[in-house]
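Asker: only geometry, no sequence info:
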Ligand code: 5GP
């Protein structure tokens, strides 16, 4: 018999520092139908990160080779580094019957949207305001001053693209935001099945 279930491709995008990483982790912890897509990146590994779990950290040469080999579903250049979703990592999640959770930017979301056959659900998370974002970026103490400036400049462009998403949620209180995401997922699944 044919299995007609199309795995849900849930995309969470946001300006950095809006709490998306926390939300991504929470979703995976509380809903075991999801696996997070582990992207490839050329950015330097941060002290709290693990290669192969947070990202597959690769050189620029390796990343360019993967582009040439058409190995990515989508990729983008963000803050001087490349990020991409490899076809093989997604396929291995889907083959095991899981839904996929993507923590990718609007450029990646746009590329996935062009694959019309996907069961795609795109949610954009906004911080309450830019001052709040600034505070969060500084307090997580993970970027230097110029990196923070760059992230804030990208904020405006990110927000412009939020209109291309199915839902936009303001992350004022993480618990409330998380519950809204859960609600959106369950409504979407009811509609599709
Ligand atoms: P960070 O360097 O803070 O981990 O991530 C920076 C940005 O890259 C975030 O907005 C994140 O969502 C985005 N990102 C991470 N992986 C991918 C990917 O595979 N593709 C795209 N398009 N964006 C990604």
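Answerer: In hand now; what should we look at? These figures come from a predicted structure and were not determined experimentally.
Asker: all contacts plus neighbour counts: C-alpha atoms, from now on.
Answerer: Will do.
Asker: quick one: the residue nearest to residue 59 when sequence neighbours are not counted and residue 172, what's the gap?
Answerer: Using CA to CA, 6 or more residues apart in numbering and skipping the chain neighbours, the partner closest in space to residue 59 is residue 42 (5.5 Å). Plainly put, residue 42 is 31 Å away from residue 172 if you go by CA to CA, to the nearest Å.
Asker: okay, these two: which has more neighbours?
Answerer: A direct count of neighbours by other CA atoms under 10 Å for residue 42 and residue 172 places residue 42 higher, at 21 against 16.
Asker: which pLDDT value goes with that one?
Answerer: Predicted confidence (pLDDT) for residue 42: 98.
Asker: so what's it up against?
Answerer: Contact analysis of residue 42 by CA atoms under 8 Å, 6 or more residues apart in numbering lists 57-60, 63, 81-83.
Asker: so which of the residues you listed sit within helices?
Answerer: Using DSSP state H, 60, 63 are the members of these that sit in helices.
Asker: so is the helix or strand of the chain with the lowest mean pLDDT next to the ligand?
Answerer: Every helix and strand in the chain was compared by mean pLDDT, DSSP states H and E; the lowest is helix 130-139, with a mean of 83. No. Contact of helix 130-139 with the ligand (CA under 6 Å from any ligand atom) is absent, the minimum separation being 10.3 Å.
Asker: just to revisit the earlier point, tabulate the contacts of residue 42 (a markdown table), appending pLDDT.
Answerer: What follows is these, written out as a markdown table (pLDDT from 0 to 100):
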| residue | pLDDT |
| --- | --- |
| 57 | 98 |
| 58 | 98 |
| 59 | 98 |
| 60 | 98 |
| 63 | 98 |
| 81 | 96 |
| 82 | 98 |
| 83 | 98 |
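Asker: quick one: which of the contacts of residue 42 is most hemmed in?
Answerer: residue 83 (26 neighbours).
Asker: so that one makes contact with residue 73?
Answerer: No. Look at residue 83 against residue 73 with CA atoms under 8 Å: they stay out of range, at 11.2 Å.
Asker: low-scoring stretches of the chain, by residue?
Answerer: The chain contains residues with pLDDT under 70 at 1-4, 17, 192-193.
Asker: helices of that one, start to end?
Answerer: Using DSSP H, helices in the chain cover 20-30, 60-68, 87-95, 106-113, 130-139, 145-161, 174-192.
Asker: point out the most buried one among these.
Answerer: helix 106-113 (a mean of 19; mean count of other CA atoms under 10 Å).
Asker: just checking it against the ligand, any contact.
Answerer: Yes. For helix 106-113, a contact with the ligand is found by CA under 6 Å from any ligand atom, at 107-108.
Asker: and that helix, what does it pack onto?
Answerer: strand 8-13, strand 72-78 (3 or more CA pairs under 8 Å, 6 or more residues apart in numbering; DSSP states H and E).
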